[in-house]
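Engineer: need a 3D model of the sequence below.
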Amino acid sequence: MTLEGKEIAIIGAGIVGLSTALSLQEEFPLIGITVFADKFNDETLSAGSGGIFRPELNVHYDSERVRTWCRDSFSYFMDLIKSPESAKAGVQLLSGFHMSSMFSELKNDLVEELLPEWRKLNEKDLQLFPKHLKGGQFYTTPVIDCKHYLPWMKSKFESRGGKTIREHISSLDEIVKRYDIVVNCCGLGAKHLVNDDMLSPVRGQTIIVKAPWIKHFYYADEVYVIPGVDCVTLGGIKDYGSWKMDVNTYQKQFIWDKCTELLPSLKKAEIMYDWVGLRPFRPSIRIDANFIKRQDNYSLIVNNYGHGSHGVALSWGTAQDVKRMIQKIMVKENFTISKL
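Structural biologist: Here you go, the predicted structure:
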């Protein structure tokens, strides 16, 4: 089944928006797809992500749906890692430690189910780290460096005929008149675009350093250390409801002290820059669809946003969900709507 002659608009060019664009482009190669965004590549929230695939179930009320998202994303990232494109895309397979000072055992069913080399930390492992850490896990997982991954996705999308337009979309009314299907992937911007009061910012702050000797990722209570292709992200801040975009010097010192306590060699790292971003948190990720009527015709509106700090891990999985949703609606409705 095709949508030949139809047009799709995607709002947002972060990892969720570009994943959705590529997913739909692969499924419907004969349709026109345009991505609208006021920010691309390094300008986006996604570019500041540590990029680790660490699945969680608490992002949606339907746990089976979340499992499907995670399996689809994991399968896609693993296939990419095995391909010649992995280096250019900035996707690699890394092992590391997830530790706690409060619990001797950490439980995450999805981590145990999906990820290779998962095991509990033993006493020998813990001797490598500060004494207050009581237990944890070791596992291997994909790490996606979005500073490379976003440009790679954008280039791939454009090389297949996709269009990207730098434009701020402030109202659905201005775009449904031009497109048959509109997919809303604008993250926190959806709070105003579709008046979603359930969407809130979770402010994050990180320190980006040059430390090429760091080859593993590390989580320990409030902080994390995640190596990318050419830099390492030190982070751990989650300020619920904060819209502040300035660097908090207290939080910067907190991150630095905790990360260098965990890995003393980081004291020799070159600090490249600080980063602040607002994650789009929602109690339950929103993926749904509805029709908007304009005069005698309709446009299909699909939402795909509210991933919080799990945008990278769930990006391809939720994009696949959007694709399946559009396919199902096409079959049910025979897709007889026309452009407005």
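
Engineer: so what's the residue count around residue 80?
Structural biologist: As a burial measure, residue 80 scores 19 neighbours (other Cβ atoms under 10 Å). In this view, the C-beta of every residue, glycine as well, is placed from N, C-alpha and C.

Engineer: can you give me the neighbour number for the residue nearest to it when sequence neighbours are not counted?
Structural biologist: Nearest residue to residue 80, sequence neighbours excluded (Cβ to Cβ, 6 or more residues apart in numbering): residue 91, at 5.1 Å. Counted with other Cβ under 10 Å, residues neighbouring residue 91 total 26.

Engineer: residue 113 now?
Structural biologist: Count around residue 113 with other Cβ under 10 Å applied: 13.

Engineer: what sits against it?
Structural biologist: If you count contacts by Cβ atoms under 8 Å, 6 or more residues apart in numbering, residue 113 has none.

Engineer: ok, back up a step: which residues does the residue nearest to residue 80 bridge with?
Structural biologist: Residue 91 forms beta bridges with residue 144, as assigned by DSSP bridges.

Engineer: so what's it up against?
Structural biologist: With Cβ under 8 Å, 6+ apart, residue 91 has these contacts: 77, 80, 81, 142, 143, 144, 145, 149.

Engineer: can I assume the first one is in contact with residue 315?
Structural biologist: No. Here residue 77 does not reach residue 315: they are 9.5 Å apart, not a contact under Cβ atoms under 8 Å.

Engineer: neighbour count winner among those two?
Structural biologist: Set residue 77 next to residue 315 and count neighbours by other Cβ under 10 Å: residue 315 wins out with 32 against 25.

Engineer: got phi/psi on that one?
Structural biologist: Residue 315 adopts backbone torsions of phi -60, psi -50, taken as degrees, to the nearest 10.

Engineer: my guess is it contacts residue 70, does it?
Structural biologist: No. If you go by Cβ under 8 Å, residue 315 and residue 70 don't touch, sitting 11.0 Å apart.

Engineer: for residue 20, give me its contacts.
Structural biologist: Contacts of residue 20 (Cβ under 8 Å, 6+ apart): 10, 183, 185, 304, 318, 319, 322, 323.

Engineer: host element of the first one?
Structural biologist: By that I understand residue 10. strand 7-11 (DSSP states H and E).

Engineer: that strand pairs with which strands, and in what direction?
Structural biologist: Next to strand 7-11 in the sheet, as set by DSSP bridges, lie strand 32-37 (parallel), strand 181-184 (parallel).

Engineer: ranking these by burial, who's on top?
Structural biologist: strand 181-184 (a mean of 26; mean count of other Cβ atoms under 10 Å).
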